[in-house]
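Chemist: Provide a 3D model corresponding to the input given below.
(chains A, B, C and D)
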Number of protein chains: 4
Amino acid sequence: MKLREGVVGATGYVGEEILRALSRHGQIDITSVTAIIDKPSIFSELFPAFKGIIDLMCTNLDVGEVAKKTDVVFLALPHTVSMQYAPLFLKAGKKVIDLSADYRLDADVYTYWYKHDHVDQGNLKAAVYGLPELNRGQIKDASLIANPGCYPTATILAALPAVKRDIVGGPIIADAKSGVTGAGRKAAIPLCFGEVDENLKAYKIGEHQHMPEMMSILGKASGKKVDVIFTPHLIPMRRGILSTVYIPLKETLSETDVRGIYNDFYKSARFVRVHKQGVFPEIKDVLNTNFCDLGIKVCGKLLIVVSCIDNLLKGAAGQAIQNMNIMYGFKEDEGLR
Amino acid sequence: MKLREGVVGATGYVGEEILRALSRHGQIDITSVTAIIDKPSIFSELFPAFKGIIDLMCTNLDVGEVAKKTDVVFLALPHTVSMQYAPLFLKAGKKVIDLSADYRLDADVYTYWYKHDHVDQGNLKAAVYGLPELNRGQIKDASLIANPGCYPTATILAALPAVKRDIVGGPIIADAKSGVTGAGRKAAIPLCFGEVDENLKAYKIGEHQHMPEMMSILGKASGKKVDVIFTPHLIPMRRGILSTVYIPLKETLSETDVRGIYNDFYKSARFVRVHKQGVFPEIKDVLNTNFCDLGIKVCGKLLIVVSCIDNLLKGAAGQAIQNMNIMYGFKEDEGLR
Amino acid sequence: MKLREGVVGATGYVGEEILRALSRHGQIDITSVTAIIDKPSIFSELFPAFKGIIDLMCTNLDVGEVAKKTDVVFLALPHTVSMQYAPLFLKAGKKVIDLSADYRLDADVYTYWYKHDHVDQGNLKAAVYGLPELNRGQIKDASLIANPGCYPTATILAALPAVKRDIVGGPIIADAKSGVTGAGRKAAIPLCFGEVDENLKAYKIGEHQHMPEMMSILGKASGKKVDVIFTPHLIPMRRGILSTVYIPLKETLSETDVRGIYNDFYKSARFVRVHKQGVFPEIKDVLNTNFCDLGIKVCGKLLIVVSCIDNLLKGAAGQAIQNMNIMYGFKEDEGLR
Amino acid sequence: MKLREGVVGATGYVGEEILRALSRHGQIDITSVTAIIDKPSIFSELFPAFKGIIDLMCTNLDVGEVAKKTDVVFLALPHTVSMQYAPLFLKAGKKVIDLSADYRLDADVYTYWYKHDHVDQGNLKAAVYGLPELNRGQIKDASLIANPGCYPTATILAALPAVKRDIVGGPIIADAKSGVTGAGRKAAIPLCFGEVDENLKAYKIGEHQHMPEMMSILGKASGKKVDVIFTPHLIPMRRGILSTVYIPLKETLSETDVRGIYNDFYKSARFVRVHKQGVFPEIKDVLNTNFCDLGIKVCGKLLIVVSCIDNLLKGAAGQAIQNMNIMYGFKEDEGLR
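Modeler: So this is what the prediction gives:
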């Protein structure tokens, strides 16, 4: 019998990509497609790309109904909304993979950055940060996965080996560039084509809510405080994040040494690819895939790591599927090839 | 003393372009910048491109205030809103250049297509359709200009010589492609970068509200009914319209004959350029200009005219300035070079 | 034992997409990757997207070597080059799926449009035009497939039911819009981002080499001459073709009648989806898929069909895989889900 | 009598923009349009945007002919080519504004980075680096202007006040993002739309030839060595550079202090605009203008300056015109409004 999946928040970019991956997954059935919408509609009429593929009704979220039909629930909901629903599904014995920020940070840090009390601190403690390259073992046994943010995924994977091997000698600067879908599917003038195309901007410099996620996860991974200065930029492309991460080295290391550390760290990672000398990743190499590609350069005592992901896949939906595959012992790339 | 100008609806794409052109115009003063907004703001803080150029306060529209400060008013307002304000400015003795559709169609046609009664039929009768290549003489003496729509400008200029010289033998098909700013600056998911980029669609096929404008103007120009089938498409670019216009010829004509007709018709038009054999216009040739470029091809008894404009200039703001220049005897290209 | 596949011309956009699809195909082995290149390179070093996926050497084409290793050969070569190699592979007993135009047209028509004699007229006669919706039966038994062009695929599928059911009453106008990859991966200024972005143009109006392909196939399908006037446009997007096809009806038919004809014609087509009333396809619905989506509108005696495909998939590589699947009795969508 | 201008290299993006600006300039005549081309053509037939604006013949470069007709020559030629022609024009008593890198660096640095001996070291010594915000006085009297590179303009203007006021405490990191026209108009696969759109990459990390230009100019301006680590990125947009410049402060300074320094430094700069707190520049604010807009943020002891220019204007053609205006005592923004 196949695993029964439900997607909550199916009409956003991330929900759509989860459904796309699930529709190719050999060991699951999509049994529930919901969103916070006015009137139920056939999913493939909302998104004609799915005509003949997912012709289920997309209904307004009803927790009891969804719980009846599913074993695992993907929550692709806005921040602060997820933590209202996750406890209900957990109480009903379902596994939850939450794609919001609600279970990624300690409660006080969360409250500071998201300007909202955390209303589900019990489950917060048990949640596992779903970055397989860091927490594979815990993911296997988790009931609640806090799926990482897109910028943090790209940036943490770029810095993690350096941080874990303790070669970092100062604050890390992450200069990240993201496609527009990172902001979600929503009606907002700054996301309109007329504003974005042939344009480029930095925003929330040193103030983006993903910065504490990077610091918190890298800090916990290394057991010491890690400073990150984070500058996100909005790029006229649909998908993809490229994060250029500047890491001051504690001591001089050759590029070969550093590459050795990275290759070793990721040697069994299914979805991280470390490029050889002189090769740097481009968005197009990872587009529509779950890969994170890394390129490495050492300039004096500065390590520069360029990291690329598809923000909707390794940065959201793909990583969620990867986590599910790990939780259930499926092939790690099932639905993600 | 310079002419005093006011722009109403300054925060839309068209309002912004009117202001850009006016700021380069040697014979006018911008004395009033208004919009329908919540709180007054310095215009250059809303649009930092204008820092040091237009640092006036942009206030909420107050007809009396605007009338006091201006000689001419540009109304860059949504359809059905313009006709509430135009009569007030006209009554106050101001000249009005209206960029909405409110004064372009006969009242009954307007009501049918815009689903709204026409509430200013008195002024409607006196309004002059502001296409200088057709109505130069009347524009000079007009108090109220109905500035043409973007699709109609591109398409009418492509068909006008053929229609006027009576060489058309059947329904005209206008297959038009527009950049996204044609839909205005507004928060709407279908206009978002994530929906528009790497995408392309036809919409309102045979049902677009600019179709009756084409038929009405071409019909009046020629004194007989002109059928137009109009298919607009949304293109992943910011600005520009390319209209590919298929015109069945009544009798066989050589390309040279047709080109002769077009060259002759537009010989004194400042802003229409007819290309020679084998050359077809591209959007980039007219971008940021007030030109309409035309390319001509004859295939058997079918005349194909390719027409390009910048939708925000010759298709809106630029044509409005051109009309003002004609009304006041300024050089026709003042502010538009 | 799996079928052994070779791709010739692997470094173009089409070759790359064939390899992408083959890498997901459960019943084949990729045994040969070649191109006309200076020095052999690991394919995944040329295209890092394939790192860990296709790490084979990409070598310069050597027909004998390729023939030894393969059962089927995909030729993704320029026009006039394919017909030099196809006969060699056929003689060696291999099946050939040719993606060039070399086997799509009668020799005299080919010579006229491609300005080159046809040097393999023997095989030309036996070649099957690989449009499954038209020639499924013959494809099954073919040794040489002439894979259709991208514009013809979109346009023929839009017109085929109308032509076959004999409801067409005059010349068909196909106004098609294509993404830039349709021109292939080649160093040419008109394909550069700086020339294409924020631009749009018509080209080869009534003179494009895909026009005779449309006329020839539609003519053979219906047993009578079919006139097509074809205007291609270059759109600032990477992939996708939208063809707006204007078909004069012989007699008045309701939209419901026409939709009935189309639904019936394509009822067993795995990759053609006919939309219901008021719904028109967009490029994003078919991107990265092998679907052709159709929308239907009737305006008086004019039938307008909007047709969308991914030019590199249903318009090239995907259709080639589909043809292979039919030839070998694999599931028609294997590698194409 | 008007100043007579010649543009050498008129068919590149920069040459085209110089001509666009000159065609709006009230005090000059364009008397010579040349390039290194095969056959002479009417410039407006090469670039139909100029139809009716510049209909001069564009001829192959003949130094004697050009010298006869001009007072000032703009050289928009590739690196290493300029220094073959500049001395000939200087010898003929013409003023030269060179847009290549040939006169920007000391000979040894030039040779190291451009892999080519400097063949005109005599004039190199007399050349003035044409950044008006730094060298206004010398520009006035110069015969040979070395017009700055695009990346250096954006980055130097971001760092110059900090460097001059000696508040910098370590190596500067410049993470710059450029539109595609920065690479020039040339046939190269990596510049093609199919490769660039929906893509993003870093390139020449720590190895770009503009890095020594930044270090050299900032070093000379401050009288001490300035380290710059420079990472350029290619962005899917036509025009514009955004440089995010990370400047370690020697001592803690408030954002207000730093903003004061910048405002003071640029108080009489016609084309530099410093934004107030919380406002950061976007490409669209400077597109088609000669402005450099700056935004300032202080995070602890790190100063972050975001700098935006139009790479073809303030980064090349516009700055060249600005230099000419200064040399001849014209209004500094003539032709640049």
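Chemist: hey, where'd the helices end up in the stretch 101-250 of chain A?
Modeler: Assigned by DSSP state H, counting those that start in this stretch, the helices in the stretch 101-250 of chain A fall at A:107-114, A:121-126, A:132-141, A:150-164, A:193-196, A:211-222.
Chemist: Spit out the contact partners of the residue in the stretch 201-337 of chain A positioned nearest to chain C.
Modeler: Residue nearest to chain C within the stretch 201-337 of chain A: A:Asp285 (4.4 Å; Cβ to the nearest Cβ). Where you see a C-beta, it was placed from the backbone N, CA and C, and this is true even at glycine. Contacts for A:Asp285 (Cβ atoms under 8 Å, 6 or more residues apart in numbering or on different chains) come out as A:Phe291, A:Asp293, A:Cys308, C:Phe47, C:Pro48, C:Ala49, C:Lys51.
Chemist: Let's have the residues you listed in CSV, adding pLDDT, distance to A:Ala159 and secondary structure.
Modeler: Listed next are these as CSV, based on pLDDT from 0 to 100; distance: Cβ to Cβ, whole Å; DSSP: H, G, I helix; E, B strand; the rest coil:
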residue, pLDDT, distance to A:Ala159, secondary structure
A:Phe291, 98, 18, coil
A:Asp293, 98, 15, strand
A:Cys308, 98, 15, strand
C:Phe47, 97, 27, coil
C:Pro48, 97, 21, helix
C:Ala49, 98, 24, helix
C:Lys51, 97, 21, coil
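Chemist: Chain neighbours aside, what residue packs nearest to A:Asp293?
Modeler: Excluding the flanking residues, the one nearest A:Asp293 by Cβ to Cβ, 6 or more residues apart in numbering or on different chains is A:Pro281, at 3.5 Å.
Chemist: what does A:Leu131 give?
Modeler: A:Pro148 (5.1 Å).
Chemist: Which secondary structure element is home to the closest residue to A:His116 other than its chain neighbours?
Modeler: Of all residues not flanking A:His116 in the chain, A:Thr80 sits nearest, at 4.8 Å (Cβ to Cβ, 6+ apart). Following DSSP states H and E, there is no helix or strand that holds A:Thr80.
Chemist: and the stretch 101-250 of chain A, which of its residues are near chain B?
Modeler: Residues of the stretch 101-250 of chain A lying near chain B by Cβ under 8 Å from any Cβ of the partner chain: A:179-181, A:185-189, A:191-198, A:236-238.
Chemist: Spell out for me the ChimeraX command that would select the buried members of those.
Modeler: Applying 16 or more other Cβ atoms under 10 Å in any protein chain shown to those, the buried members can be selected in ChimeraX as follows:
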select /A:179,180,181,185,191,192,193,194,195,196,197,198,236,237,238
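Chemist: For chain D, tell me which of the residues of the stretch 101-250 of chain A next to chain B show up nearby.
Modeler: Within these, those near chain D by Cβ under 8 Å from any Cβ are A:Gly179, A:Glu195, A:Asp197, A:Glu198, A:Pro236, A:Met237, A:Arg238.
Chemist: Of the residues you listed, which is the nearest to D:Glu255?
Modeler: A:Glu195 (26.7 Å; Cβ to Cβ).
Chemist: Do you know the pLDDT at the nearest residue to that closest one once chain neighbours are set aside?
Modeler: Leaving out its chain neighbours, the residue that sits closest to A:Glu195 by Cβ to Cβ, 6+ apart is A:Ile189, at 6.2 Å. pLDDT, A:Ile189: 97.
Chemist: Tell me which residues touch A:Ile189, please.
Modeler: Counting by Cβ under 8 Å, 6+ apart, A:Ile189 has contacts A:Glu195, B:Arg185, B:Lys186, B:Ala187.
Chemist: Spatially nearest residue to the last one (excluding sequence neighbours)?
Modeler: Excluding its sequence neighbours, the residue lying closest to B:Ala187 (Cβ to Cβ, 6+ apart) is A:Ala187, at 4.3 Å.
Chemist: Same check on A:Ala101?
Modeler: Going by Cβ to Cβ, 6+ apart, A:Ala101 has A:His79 as its nearest residue, at 4.8 Å.
Chemist: number of nearby residues for A:Asp141?
Modeler: Summarising burial for A:Asp141: neighbours were counted as other Cβ atoms under 10 Å in any protein chain shown, giving 8.
Chemist: now it: how far from chain D?
Modeler: 37 Å (Cβ to the nearest Cβ, to the nearest Å).
Chemist: What of A:Val180?
Modeler: In terms of Cβ to the nearest Cβ, A:Val180 sits 11 Å off from chain D.
Chemist: ok, that residue - contacts?
Modeler: So A:Val180 contacts A:Leu191, A:Val196, A:Leu234, A:Ile235, A:Pro236, A:Met237, A:Arg238, B:Cys192, B:Phe193, B:Gly194, B:Asp197 (Cβ under 8 Å, 6+ apart).
Chemist: Quickly list what the third one is bridged to.
Modeler: The one in question is A:Leu234. A:Ser178, A:Lys201 (DSSP bridges).
Chemist: separation between it and A:Val272?
Modeler: From A:Leu234 across to A:Val272, the span is 25 Å (Cβ to Cβ, to the nearest Å).
Chemist: cool, and A:Lys284?
Modeler: Per Cβ to Cβ, A:Lys284 is found 18 Å from A:Val272.
Chemist: With A:Leu124 instead?
Modeler: Distance check for A:Leu124 against A:Val272: by Cβ to Cβ, it reads 27 Å.
Chemist: Also A:Lys225?
Modeler: Taken as Cβ to Cβ, the span from A:Lys225 to A:Val272 is 25 Å.
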